[in-house]
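Colleague: can't give you the sequence, but here's the structure:
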């Protein structure tokens, strides 16, 4: 019980992304996003999120191309999910 109270008083924290080594910056919707060694998040067509499994094994050129394609695709998929949510929230006339 005492250990549980101690853990609640002093929770573990993650490093701030900008302080972490090996971070890259990506601009999305005019906001800069820090990427760590796990790589970017992928917005799947159903709105779920995943990661690129082989990101650590990619070359810098592959990463740049992947980021370019992925950022455009994610933007489209996010917009589609937002439209879908708006349609579900607005009452049918």
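Modeller: Good, I have the coordinates. Bear in mind the structure is a predicted one, so any value in this text is a computation, not a measurement.
Colleague: Now residue 12: phi and psi?
Modeller: Backbone torsions of residue 12, given as degrees, to the nearest 10, read phi -70, psi 150.
Colleague: From residue 38, how far out is it?
Modeller: From residue 12 over to residue 38 the distance is 18 Å, taken as CB to CB, to the nearest Å. Any C-beta I mention is one placed from the backbone N, CA and C, and that applies to glycine too.
Colleague: Confidence-wise, which helix or strand of this protein is lowest on average?
Modeller: helix 2-9 (a mean of 60; mean pLDDT, DSSP states H and E).
Colleague: Show me which parts of stretch 47-54 are buried, residue by residue.
Modeller: Residues residue 52 are the ones in stretch 47-54 that count as buried (16 or more other CB atoms under 10 Å).
Colleague: from now on call the first residue 714
Modeller: All set: I'll call the first residue 714, so the last point we hit is now stretch 760-767.
Colleague: distance between the ends of it?
Modeller: Stretch 760-767 stretches 21 Å from its first residue to its last (CA to CA, to the nearest Å).
Colleague: who touches that stretch?
Modeller: 751-757, 771, 779, 783, 790, 794, 797 (CB atoms under 8 Å, 6 or more residues apart in numbering).
Colleague: ok but residue 751 is inside a strand, no?
Modeller: No. Per DSSP: H, G, I helix; E, B strand; the rest coil, residue 751 lies outside any strand segment and is coil.
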